[in-house]
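Peer 1: Task: produce atomic coordinates for the following.
(chains A, B, C and D, ligands or ions: 4)
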Amino acid sequence: EYRIGITQNNVGVDSYQTTYERAFIEAADANSDVRAVVLDAGGDVARQIAQVDDLIQQNVDAIIIWPTNGEAVIPAVRRAQNAGIPVVVTNSNIAEQGFDFIRSFSGPDNVTQGRRSAEIMCDKFKDMGIEDEAQVVHITGQPGYTTAIERAGGFEERLPEVCPNVEVVDTQPGDWNREKAQQVMEAFLTQYDDIDGVYSGDDNMGVGALNAARAADRDGIIFVGATNFAVGYDAMAAGEYWGSIYQSPVDDARAALQTAIDVLDGEDVPFLNYFDTPKITQDNMDQFTKPVF
Amino acid sequence: MTQQSPALRLEGIVKTFPGVRALDNVSLDVLPGEVHALMGENGAGKSTLMKVLGGIYQPDEGLIYVGDTPVVMSNPLDSKAKGIVFIHQELSLAEELSVAENVYLGELPTLSFGRVDWKTLYEKTDAILSKLKVGFNARTLVGDLSIANQQMVEIARALTVDAKAVIFDEPTASLTDAEKLVLFEVIADLKSQGVGIVYISHRMEEIFKMTDRVSVLRDGQYQGSLLTADTNEEQITQMMIGRKLDLSRAPITHELGDIALEVRNLSCGSSYQNINFQVRSGEVLGFYGLVGAGRTEIAETLFGLRQPSAGTILLDGEQMHINSPSAAIKAGISLVPEDRKTQGLVLGMNCRDNMTLPQVDDMSAGPFVSDGAEVAVFDLYRDRLDIRTPGWRQTVGNLSGGNQQKIVIGKWLSMHPKVLIVDEPTRGIDVGSKSAIHKLIRELAASGYAVIVISSEMPEVLHVSDRIVAMFSGEIIRTFTSEDVTEDNLIQAISGITPK
Amino acid sequence: MANIASKQVLTVLGKQGILIAFVLFMVIFSLANSNFLSLDNLQSVIRSSAILGVMALGVTFVVISGNLDLSVGSMMSFSTIVVLDLHDKLGPNLAIPTMYLMTLGLGGFIGYLVGYLRLNSLIVTLGMLSAIHGLTLTYSGGQNMDIADKSNTWFGFFGRGEIFGLPVPIILFILLAAFLGVLLAKTPFGRKVYAVGGNPTAAAFSGIPRARTVFTCYLISAFCVATAGLIQASRSMGSQNTVGQGLELEVLAAVILGGASLLGGSGTIFKTVIGILILGFIQNGLLLMGWPFYVQFVITWIIIILAVWLDISVKRGKLWVSN
Amino acid sequence: MISEFIKRNLSTSAIWLFIIFELLFFSIAGHYLSFSDGAFMDLNNMLLLLNQSAPIGIIAVGMTLIMVNGNIDLSVGAVFAIAGIVMLDSMTWPVFAGLGDWVIVVSWTLALLAGALLGALNGLIVWKTGVDAFIVTLGSMLGYRGLVFMFNGENPTSHLNWTLIDFAEAQFLGFNTATWFLAASVLVIWLVTRYTVHGRNAYAIGNNRNAAVNAGIRVGPHMVINFVIIGFLAALSSVVFYSGSGSVNPNDGQLYELWVITAVVLGGTKLAGGSGSVIGTLGGVIAIQLLRKGLGYIGADTSTVNLVIGLILIVVLFIDRQLNVKGAQELRV
Ligand SMILES: Nc1ncnc2c1ncn2[C@@H]1O[C@H](COP(=O)(O)OP(=O)(O)OP(=O)(O)O)[C@@H](O)[C@H]1O
Ligand SMILES: Nc1ncnc2c1ncn2[C@@H]1O[C@H](COP(=O)(O)OP(=O)(O)OP(=O)(O)O)[C@@H](O)[C@H]1O
Ligand SMILES: [Mg+2]
Ligand SMILES: [Mg+2]
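Peer 2: Ligands and ions are numbered 1, 2, ... in the order given. You can find the predicted model right below:
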């Protein structure tokens, strides 16, 4: 029997993390060989480090960590390794200096996600024939979080490669928060008379931006997000939202647990154990079930 | 007294506050070894003048001389450094600190690295305290002391430095007779060392007992100085208020009514035990005793602020359960509390709103407070009690101490209670108003109120009461009638000397 | 005397200091950005300020009564989530009153603790900030809440509707401000709030029920929070569990900016409204100038201190404190 | 003397009772609920507890002094972040390239200096403008956070120096580095509050500011000193913590001010000022950390943790109130 401890980033802050936690507990309960200690750092690095130390102290068999900060947890992860406890990172990777101390990363490839979002947007602009003059605004996730940084980085890097004439006119954080994103978008709309596309770090913020545009009667804006939420899926079905990246927290959680079990079983686990996060747009959405969160 | 140069001289001091000319060209001098009384009605400007001396206020015009040199008192420390010690009218203590720390506040003796020299501190303080004959030591927390003892701590501060002049601003307002005697010894001692003393008080007997010279202020203006030996109460009073004062006691011309309030076997923890008394409507019942005797606690119990542990309270013969002030008010009891600043007033509010606070619910026109009704009440009691304020909009915290007290009295009189309890009603009140308040108390009784007067001033209780309850250590020792009471047997009763 | 003239200028400045500061910002921002004074933008600022503003009205009562309320942010999340959830289960007619009752229940609980049990309000409301967040998560299971059919309900009226061209949130804000402003300034209850905040002991000695007054202030605060939650929910028709997170400090900043003293006993509804508008316009103005959000932090800092400083230095008649 | 010490510091608040209760509760509940092999009251676990209490604890010690003085500091979380950035970033500055690992000393000094300066700025504003500390620091909580973001946008500032991390993880006499710093802070500030003129004057000012002014105490400089001290301690907490983690998120330290204040108040310090002790504060810090740790230990989920922590705060406050009621005959105001 394996005792596996997990310390998550900030459960309850959005549906993704909540669904992840629930899926993780379900998966652990379903597996009679596993007992899980489930902790949540509430977004606070210090608390997460304390939790890793607690897990080491409790002498669990493996630790799964969803880092609040990809660098700050490295020393704690090293302590786990020194104590002989294998560490698996989930969802959002730690920085490279820490790679020596973990067994595997299991999660989405956020840089690729950002790049894919750029491609979705560019393709749509090309369809519309505005790829040479389109202006885009960018709403990022919570400042400082690896996922936000990686997605933003991927997007901003890829967009000029595929659509060199599209201009990103402004970037503001929406903190993964729908209401905040709505406010940011309201200001964008006042400030810029011509906005052709909006890229949001996730659909939750994307829908907030959509609400703002709708309230201001600004049609024809192409909304692209990431982490397809149920609201985003619905908006897509309604033809108001163009595309996103399909990423299932259930897959994410299961993959993390499985990776940990595989490591404990001594199996050969790829170091970067990405699960697939495909593009989803109005064109192909019927191939995907509606997200549960 | 030989002719010497003054220890302290004020020349042409002017100080204005918004709407008030508190000091209008005041000049004054204090000789070394002299006790100089400063008198005047409430709001005459006495405290303000002293605060100018103490560096708390800067004068708008005028000069201060210490010895022969003109000086500027830019702050309290500055003033202290120039040899002026200031005992404030309102207590100015840090309650969570020890007595010693308070006595040497701002001047703690130090060792290296800014450490406090506790040993010296306690030794020096205990030396001072033993001079004052108080029942507590240097390590006692000030917060654990009674108001009177806290006042003694203030007084102890006067003895910490070699002062050229010491200002006492109503030091006896909350002292009992025994403590007053100690204070007078202290003052005599200072005097013999050649210190000039400014002594502010509203109590005539102290003025004549203690002081060498009297200066009078009226409405911020200097009225002149007289040698105490050459003057009398009447003359001073006339200078203060500009007219003659009738100090005779209103005789009992009215019949006493039924028993309005009766207390049976009332006890409250360790504060007081087994208290029995009755007050008839039309009667003034005085409560006299040493500080800590438990009089205030009885008043607070009657007003619903304390839960008695046993006993019954009857109003008009009916047993009452008074468990909150609003219940007491409903039942017709009013309490003028002992400490106006913390218990009586919302200092940041204006005069009118303070006065009508307990009846604000009844002052409404529809859902709103009626401005007119409130102003009417305020005007009525301002005139009746002669409250000096630029107008009802003035913030109460800006009034002089005595006028603040009058606002509190007005607040409770305007409730037209059946039973009026006044706890130290004239603390800090000038002679004119004091006699007005005493008259008022008599009149209220005559018009059918039952009045309980708690006071630590013997002349006051003797003057206003029909009967006097003497308390000692939480118990009633004896109840005197105005016929059988004398100063001597009253003092004996409250010091626990006479057996029951 | 020149001295007196300058004193008078200072007095006028002090009485209207906050207002003058407000006008100054408006001028600067409108010079800097031509869109700033557009009707659309003004409406959008007031509309987004409305939610914060409605909460600030209630908090003003609590602050004047001498207490703090740090739980309004997480309580607002609670109201929003609850009304959204109940909307689909009970329909809007029942959902709205039920949500109000539940929120008032929370406010009543806090009011009981602070008023009747006399526990320290800072810690109680801090505790409730955390506890209500937990409650919300339990209630929603941590999931976002969305109204399933957004187009077939009149629920959007409170957040998106308009009456005579005026957005409903603005109307609600104005109505509530007027009502509470009168309640505070003109009624016996208002007087008691000031008395209890100014000197609780003296208030008790005057027969004023401190506990009940404080309790009522928290109920008022909860009512305002529920209204804010309603506007929020109606506006977005869907929400996260953390929608109100962090708003407590913004609300407090606005109330303070309006000149209410944290010691209790002073402040007015009108000034709080000005405080809210200043914050709203600063945020919006800087956003329009394209400055990153964190510059706004720094500027808010400077403005809060300058505004309060101006206010009190006029009251004491000089700029600097010496000792 | 000893009994006086106990009376002053221990019996004044419910916090020590509560800590004992927590220990018993989690030990027993953990026996049935926990998946752990180790006992909760294991010595190593308790040592770890102290270590984990350090970040909040060191700041709370400073906050005690500030609150005794009658002020409050809401900007400590932001100062915490700034000091971390100064320390980690300055280690990479080319000027210090030749220093080898000695750069650690320089960086620590710079970070502590930065903290003290930010504290001084708060203190000077509070003093000179006379604006209430709550308002001043509510403002600088925002302003300083803005500075954090200005430094590196929204990106974390990171630098891993293994010598530094080894130092942070080191143990001496069984205690971790962070624990030692916590203990030292408690001791020093305790001495300051009990035995120095500055400390006693801080109490006097918090107790009755008017009295202090009337006695000629210069209130302003004392306040500034205390703000410098808390700035310094917030920075100290930061350097100790980031030495062991190596990366600052621009959002780090948010809400610390509230947890710190909670710990201080639970430890018996009056919000109104004038009374309190760092020993009580230490109790408050430990109680909160113990609660978090214990709830994790018995497997409570996120919503429960939030709910319970919030309610427990209130319960402790309630018990504390009950213990301090003088009896039914107390004046009812
Ligand atoms: N800070 C202030 N602001 C405005 N007015 C003030 C202030 N301090 C005192 N005054 C006014 O100045 C006048 C003189 O007050 P002061 O306290 O000196 O009187 P006093 O002679 O000491 O009276 P009492 O015997 O009642 O203590 C009063 O009218 C008072 O209202
Ligand atoms: N020397 C003392 N040391 C400690 N506590 C005291 C002392 N004297 C009185 N107290 C307390 O102070 C409280 C108030 O007593 P207080 O002096 O008001 O009684 P009192 O009989 O009303 O006297 P007075 O009205 O003249 O002040 C009481 O609870 C008493 O226990
Ligand atoms: Mg006076
Ligand atoms: Mg008394």
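Peer 1: Which parts of the chain are helices?
Peer 2: Answering for chain A, as no chain was given. A:15-30, A:45-57, A:74-82, A:110-128, A:146-162, A:178-191, A:203-215, A:230-237, A:249-264 (DSSP state H).
Peer 1: that's the wrong chain, I meant chain C
Peer 2: Ranges of helices in chain C, per DSSP H, are C:2-15, C:17-32, C:39-64, C:72-90, C:92-111, C:121-140, C:157-160, C:168-186, C:188-198, C:200-205, C:210-236, C:247-257, C:269-288, C:293-316.
Peer 1: what about the residue of the stretch 1-150 of chain A found nearest chain C, distance to ligand 2?
Peer 2: Taking C-beta to the nearest C-beta, chain C has its nearest neighbour within the stretch 1-150 of chain A at residue A:18, 3.0 Å off. C-betas here are computed from N, CA, C, even on glycine. When C-beta to the nearest ligand atom, to the nearest Å is applied, the distance between residue A:18 and ligand 2 equals 56 Å.
Peer 1: Check what pLDDT that residue gets.
Peer 2: The predicted local distance difference test score for residue A:18 is 87.
Peer 1: Isn't it up against residue A:11?
Peer 2: Yes. Assessed by C-beta atoms under 8 Å, residue A:18 is found in contact with residue A:11 at 5.9 Å.
Peer 1: Name the spans of chain D whose pLDDT lies under the cut-off.
Peer 2: The model of chain D has pLDDT under 70 over residues D:1-13, D:34-38, D:324-333.
Peer 1: Quick one: the helices in it, in order.
Peer 2: Using DSSP H, helices in chain D cover D:2-9, D:15-33, D:43-68, D:76-90, D:103-129, D:133-152, D:162-169, D:177-195, D:197-207, D:209-214, D:219-243, D:256-266, D:278-297, D:302-324.
Peer 1: any idea which residue sits dead centre in the chain?
Peer 2: Since you didn't name a chain, this refers to chain A. residue A:147 (5.3 Å; C-alpha atoms, centre = their mean).
Peer 1: Let me rephrase: I mean chain B.
Peer 2: Central residue of chain B (C-alpha atoms, centre = their mean): residue B:427, at 2.8 Å.
Peer 1: Need the three-state assignment for that one.
Peer 2: Secondary structure, DSSP: H, G, I helix; E, B strand; the rest coil: residue B:427 is coil.
Peer 1: Which of the three states applies to the nearest residue to it once chain neighbours are set aside?
Peer 2: Leaving out its chain neighbours, the residue that sits closest to residue B:427 by C-beta to C-beta, 6 or more residues apart in numbering or on different chains is residue B:173, at 5.0 Å. The three-state label given to residue B:173 by three-state DSSP is coil.
Peer 1: Show the pLDDT at residue B:173.
Peer 2: 73.
Peer 1: okay but it is in contact with residue B:428, surely?
Peer 2: Yes. Residue B:173 lies in contact with residue B:428 (C-beta under 8 Å); the separation is 5.0 Å.
Peer 1: Common neighbours of those two, please.
Peer 2: residue B:89 (C-beta atoms under 8 Å, 6 or more residues apart in numbering or on different chains).
Peer 1: Need the per-residue pLDDT for residue A:6.
Peer 2: 94.
Peer 1: List the beta-bridge partners for it.
Peer 2: residue A:38, residue A:64 (DSSP bridges).
Peer 1: That one: neighbour count?
Peer 2: By the measure other C-beta atoms under 10 Å in any protein chain shown, the count of residues near residue A:6 is 28.
Peer 1: got it, and the one 4 residues further on?
Peer 2: When neighbours are defined as other C-beta under 10 Å, residue A:10 has 20 of them.
Peer 1: So it versus residue A:124, what's the distance?
Peer 2: Going from residue A:10 to residue A:124 by C-beta to C-beta, to the nearest Å gives 32 Å.
Peer 1: Then residue D:116?
Peer 2: In terms of C-beta to C-beta, residue D:116 sits 54 Å off from residue A:124.
Peer 1: The residue nearest to residue B:427: what's it in contact with?
Peer 2: B:89, B:151, B:427, B:428 are the contacts of residue B:173 under C-beta under 8 Å, 6+ apart.
Peer 1: Report the two of the residues you listed separated the most.
Peer 2: B:151 and B:428 (12.2 Å; C-beta to C-beta).
Peer 1: what do residue A:18 and residue A:11 both touch?
Peer 2: residue C:142.
Peer 1: Residue numbers of the stretch 1-150 of chain C in contact with chain A?
Peer 2: Applying C-beta under 8 Å from any C-beta of the partner chain, we find that the stretch 1-150 of chain C lies next to chain A at C:33, C:35, C:38, C:40-41, C:44, C:48, C:133, C:137, C:141-144, C:146.
Peer 1: Just the buried residues of the residues you listed.
Peer 2: C:33, C:41, C:44, C:48, C:133, C:137, C:142, C:143, C:144, C:146 (16 or more other C-beta atoms under 10 Å in any protein chain shown).
Peer 1: Might one say that the last one is in contact with residue A:229?
Peer 2: No. Taking contact to mean C-beta under 8 Å, the distance of 9.3 Å between residue C:146 and residue A:229 leaves them out of contact.
Peer 1: Any stretches of the stretch 301-450 of chain B with poor pLDDT?
Peer 2: Along the stretch 301-450 of chain B, segments meeting pLDDT under 70 are nowhere present.
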